[in-house]
Every structure is written in structure tokens, then in C-alpha cells.
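A.B. asks: Sequence plus the predicted model coming up.
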Amino acid sequence: MSLRAESPARLDPVVRVKLSAMMFLEFFVWGAWFVTLGTYLAQELGASGSQISLAFLTQSLGAILAPLVVGLVADRYFAAQKVFGVLHLVAAVMMFLAGQAGSFGPFFGAALVYMIVFMPTLGLVNSISFNQLRDPEKQFPAIRVFGTLGWIVAGLIIGWFGWEQGGSLELTFLMAAVGSALLGVFAFFLPDTPPRGRDRGGSIGQLLGLDALGLLKSRSYLTFFISSVLICIPLAFYYNFTNLYLNESGVQAAAAYQSLGQMSEALFLLAMPFLLRRLGFKKTLLVGMLAWALRYVLFGFGDTGSMFWMILIGLVLHGICYDFFFVAGQIYTDKYAPSHVRSSAQGLISMATYGLGLLIGSLISGPIVDAYVTEGGHAWTSIWLIPAGLAVVVSIFFFLFFREEVPVEAATADRTPTPV
């Protein structure tokens, strides 16, 4: 038998296909409606900047609850893939209702329930994947890249059919609902990911998955956690208002152009194993944060004329912005956390980023955008320089206080996948 066949890093092809399809649908569903949400609310429902931020804030509320859902259910009592499936079936119903809402109030209610059930799936999709991987640092990027492809396909579909210019963005919610329903059914055919913390005590904190908070006793992980919260404050400006910015600037098929960022993300994902080996976690994470600052400066001074190249580079930088911080952070978390709290730890870092950070960012970004309303739209240069400055400050904090380390228990933990 060849050495290649005996390699412990080899992943069963059927499992690889299932995990890749799961990632594709997970991010297709999210990208199907989330990218154009700000434009939809402003143009179709007449929402203000503060209302748009309030809608995006539902994501943060869902992310804050995610560690509780994942820690209570997936780490303790039920297989992660079954919890994942049920949550997506409920999400499909709420996405359909959101698309039928004719005013901001009913839309907000449907979106809030949707995010409460969807955000825990971001931690679960990682847990299901990591449970099958013996060498996540090398294997995970090749699986995660299909999530990026799913987001790209969603944006290209929106651009192809011209839903932004045609005032038909309500169809994005129907597309997301169908995708979520398919993923909900498919989840029950995914590799088994049984609860691993079932026999590790029953205190209230453990039942809620709060034992993952023990990771914060380390200065290294605490610095990473705080930085994850802080960097998502400027990130909220991008998620909430980039599509509106592009449409106000006169960019045709803005959602399709935004897919350039996901194409870049796919390329950097494939290079992630090499980059992590060469740079280490600290330098990789730092480059990701600094890329946010550069992106906002490019947005601030770009236009649809001779400076359109600046907007394009800003969009393409998404690969560095996302992969170098978020994906590298997920791998770092999986490598750092003991095996019995890995699902909780993934939920914890989702809470830090999509929860606390974006919550604060949404509360800040909406009023700032409203403060720079002009007769023709918004003073985008002034708006974008604010998150650029915030990203620089966070980068300096991270550089000064983060020390790269991995506990012995986590570093030597068994990586044998659960049999399918």
C-alpha cells in the first residue's frame, strides 16, 4: 500500500462531498438575501439608516444566543447534524415570511426569529466539519471554500436576473427559503457528530455551554476574543451598507460585483494551510485586520469613474479580510479548545464576532450613516474613514497583547473522526 493511502490526513471522498455540499448551501442561503438587505430595506420598505442597522442587529442577537443553543443541545444531548437540520427547516419558514412582509415591523419580527435559529448553524457547520478532520489546519480550508462558492453563486444569480435594478429583491428571500429547506433535509444525511460533553457534569454553566468561557482565562485567547469583538465594530459598516453604497454610487449589478470578494476569498482559502505555516496565527490574524482599514480607505476615495479601480480592489480585499481573520480564527479556536467544548468554543467565537461586535457596530453605524445624509444620498468618504480608523486601533491592540500559544491538552487531543 502506498504511503499516500496510509496518510492520516486522508478524508473519505463521500464525506468530503457531503461536507462540501453542506458548506455550499450554508453560505448560499446566507448570501442569497444578506448582501442586498440594506438596499432592499431602503428602496422597497423605505427604511432609514438606523432601521437598516436594526435589521442587521438581528444577526447579532442570534449570535449572542448561539453558544447557549449549541452548548445546551449539540455538545450535550443531540447529534449536531440533527440540530443543524431542524434549525434550517425552521429558518426556511421564517425566510419565506420575511419576504412577504410589506412593512418594516413585520419584516423585523420574521428576521429576528430567523437569525435566532440561523446563527447557531454557523458554529454547528464548523463542528460537523472539524469532527471528521484529523488535520483541520490543512483539510478545513478545502471544505470551507465551498461555502464561499455558495455565496458567490447567490450574488451572481441576483446580478444575472437584475433583481436590484428591477425592484424584485423580495425574490432573494424566496431563494434563501428554498435553499434553507433543502439544507434542512440534507442535514439528516450528514456524517454523525454525537455530543461529546454528555458525561462531563451537569452544572447550569456546563449545560448552557458556558464551560467554553474557561478559554478566556488565557491571556492569549482573551486577547483574541476581545480583538474579535472590536474588529467586528467596523465590520458592521461593510455588511450593513456596502451594497447601498455601491447602488447609490451608480454601480450596476452591485451584488454581482461584490462576488469578486468571495472569489478572492476562495483563492486565499486554498492557500490558507501554506499561509498559516509560513506566517503563524498572529501574523495571519493581524494582516486580516489591517486589510479592513485599507479596504475602507479605498471605498472612501473610490468612485465609478477613473477611481473605480479603488472600489474593485476594496471588494477583492474581502478574501484577506475574511479568511485571514475569521477562518484563521475558527481554526485557531478548534486547535486551542479541548475536544469536549469545541462546539461551544465555535459558538463562543461566533458570539464574539457576529454577536457582540456586530451588535455594537450596528448600533454605531446606523446613526453615523444617517448623520451624513446628503441631497443625493450619503457622504460616503466621511463615513468610510470612521471604520478605517477603528480597524487600525484594534490592530495595534492585537499586535501589542496577543501571544501565540496552544495548550498541551488541545494540541495533543485525539483527532480520530467519528465513524460514519
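C.D. replies: Received, thanks.

A.B. asks: element containing Phe78?
C.D. replies: Phe78 belongs to no helix or strand when assigned by DSSP states H and E.

A.B. asks: And the one 4 residues further on, by the same measure?
C.D. replies: Taking DSSP H and E as the criterion, Lys82 maps to helix 80-100.

A.B. asks: Can you tell me which helices and strands the next helix-or-strand element following that helix packs against?
C.D. replies: Using DSSP H and E, the helix or strand that follows helix 80-100 in sequence is helix 104-130. Helix 104-130 is packed against helix 13-34, helix 49-69, helix 80-100, helix 136-161, helix 328-336, helix 342-350, with contacts defined by 3 or more Cβ pairs under 8 Å, 6 or more residues apart in numbering; DSSP states H and E. No exception for glycine: its C-beta is placed from N, CA and C like everyone else's.

A.B. asks: For the helix holding Lys82, name the packing helices and strands.
C.D. replies: Counting by 3+ Cβ pairs under 8 Å, 6+ apart, helix 80-100 packs on helix 13-34, helix 104-130, helix 170-186.

A.B. asks: wait, what's in contact with the nearest residue to Ala142 once chain neighbours are set aside?
C.D. replies: Nearest residue to Ala142, sequence neighbours excluded (Cβ to Cβ, 6 or more residues apart in numbering): Leu270, at 6.8 Å. Contacts here follow Cβ atoms under 8 Å, 6 or more residues apart in numbering; on that basis Leu270 touches Pro141, Ala142, Val145.

A.B. asks: mind checking the SS state of the residue lying closest to the first one once chain neighbours are set aside?
C.D. replies: The shortest distance from Pro141 to any residue that is not its chain neighbour, by Cβ to Cβ, 6+ apart, is 4.0 Å, and that residue is Met272. State at Met272, reduced to three classes by DSSP: H, G, I helix; E, B strand; the rest coil: helix.

A.B. asks: Was I right to think Met272 contacts Ala328?
C.D. replies: Yes. Judged on Cβ atoms under 8 Å, Met272 makes contact with Ala328 at a distance of 7.0 Å.

A.B. asks: Kindly tell me how buried the residue nearest to Pro141 is, as a neighbour count.
C.D. replies: 22 (other Cβ atoms under 10 Å).

A.B. asks: Same question for Gln100.
C.D. replies: Neighbour count of Gln100, defined by other Cβ under 10 Å: 12.

A.B. asks: The one 4 residues further on now?
C.D. replies: Summarising burial for Phe104: neighbours were counted as other Cβ under 10 Å, giving 18.

A.B. asks: In contact with it: list those residues for me.
C.D. replies: Neighbour list for Phe104: Leu41, Leu45, Gly46, Ala47, Gln51, Ala55 [criterion: Cβ under 8 Å, 6+ apart].
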